Each structure stands twice: as structure tokens, then as C-alpha cells.
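>>> next comes the sequence, and after it the predicted model I'd like to discuss.
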Amino acid sequence: MNAGSSSDGAAAAMKPARSALSHAFEKVWAAIPKHGQKIPDKADFRPERFVRFLPDMYLVELHDVPGKRLPIRLAGNNIRDHLGVDLKGVNYADFVPPERQAMAGASMPKLFEPTACGRWVRKDILHKDGYREMIEMTQLPLLEAKTGTRLVLGLIEGFGEELHGEGEFRFLDREAEVFFELA
């Protein structure tokens, strides 16, 4: 599978480069035992392998029901500090503009298709104080084999030095989305 964009042909032609940190995150993910499968089981996930990334990592469940599609299982302390809210148990869709909530995460199932892949996204966050910052997210698939639950393990990059989190923010439309082959 070639890396491509789900947005349009122009975006695919100007594919943004993933950061060295994004590639390092994928490399650590690739070292999780897969036992002959394409996607690792969450039972084999070891946080100590991801120490470098933990403050900026998150784990989201992926369901097919739009209103309940993306409950957040956990988010690192850097994410919590920058957004000003503990995201555990909250639905990701609650943080996108109302007119886009039904489509929030709609492209994520591609991570689990027969040819498993990763996803890289660039988008803006708009904070309550009006501050706008661009973040990049690298997302990789995990399965909870015991329950069949699809999970998305993610890394956020791009938070600035200043904290603008007051618990109220919105994820705005994505600027770029690229699906990529996994290592």
C-alpha cells in the first residue's frame, strides 16, 4: 500500500513529511510481538517500551456507532496539561465542531483493514482563549484480542511551551491526512 491522502489528489502530491519522532514511535510499535498477525494484541503492549512517548500518547477505542465511536481510554500528562482536561472516558467527537461530530474518526477503520496501516494527521486546535496551535498525530492500530475491541494508539506532537488549556477547546478540520505502510 502506498502512502496516500484521503483528502484529495493535490494533498497526496504534497505529502507532508512525518517527523523523526513519529518514525521512532512507529519503530517501537513495530517491536510489539504480533504472533503471526498484522496488528499487535494490547495484551503484549508494554508501557516501559514507550517511556519516551508516554506524556504525549493516547489510546482511543474505535466503535462503529458514530456518537460513541471514539471513547478515550487514556491520555498522557502533556496532553492533559495542554488541553486542561483529563480525557479518560470522554468521547473524542465531543471536541470537534458539532457539524463534524458524526464524521469524527470516520477514516480510522482503515487502520484495521486487511492491509493494516498507520495514519498521520495534521490539524489545528482552537483553545477557549482564542489561541490556535497546529498539532501532528501519528496513529497505529492495536487489537484487544480478548474482546475484539479495536484500539488506536496515538502520539501528539506540536504543543507549544505555553499552556492554554482551560478544558475548553476544539479540534478543527484537518489540514492533512496520510495513511502509511507499517514497518
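Nice, I can see it.
>>> quick one: buried residues of the lengthiest helix in the chain?
Longest helix in the chain by number of residues (criterion: DSSP state H): helix 20-30. Neighbour-count burial for helix 20-30, counted by 16 or more other CB atoms under 10 Å, picks out 22, 25-26, 28-29. Every C-beta, even on glycine, is put in place using the N, C-alpha and C of the backbone.
>>> which phi and psi values does K128 adopt?
When read as degrees, to the nearest 10, the backbone of K128 gives phi -60, psi -40.
>>> ok, it touching L83?
No. K128 is beyond contact range of L83, at 10.4 Å (criterion: CB atoms under 8 Å).
>>> the two: which is more packed in?
Ranked by neighbour count (other CB atoms under 10 Å), K128 and L83 place L83 first, with 23 against 13.
>>> that one touches F169, doesn't it?
Yes. Contact criterion CB under 8 Å: L83 and F169 qualify, at 5.7 Å.
>>> direction included, what does the helix or strand where I72 lies pair against?
Taking DSSP states H and E as the criterion, I72 maps to strand 72-75. Using DSSP bridges, the strands paired with strand 72-75 are strand 57-62 (antiparallel).
>>> so where do the strands sit in the protein?
4-5, 57-62, 72-75, 117-127, 132-144, 149-157, 169-181 (DSSP state E).
>>> for the ones you listed, which one sits closest to L111?
Nearest of the strands of the chain to L111, taken as CB to CB: strand 132-144 at 4.2 Å.
>>> low-confidence stretches in the protein?
Along the chain, the parts satisfying pLDDT under 70 run over 1-16, 66-67, 163-167, 170.
>>> kindly recompute the last result at 90.
Scanning the chain for pLDDT under 90 picks out the ranges 1-17, 35-36, 63-70, 79-108, 114-115, 122-135, 158-177, 183.
>>> quick one: residues contacting the nearest residue to P141 once chain neighbours are set aside.
Among residues not flanking P141 along the chain, L111 sits closest, at 4.2 Å (CB to CB, 6 or more residues apart in numbering). By CB atoms under 8 Å, 6 or more residues apart in numbering, the residues touching L111 are 62, 117-119, 139-141, 150, 152, 179.
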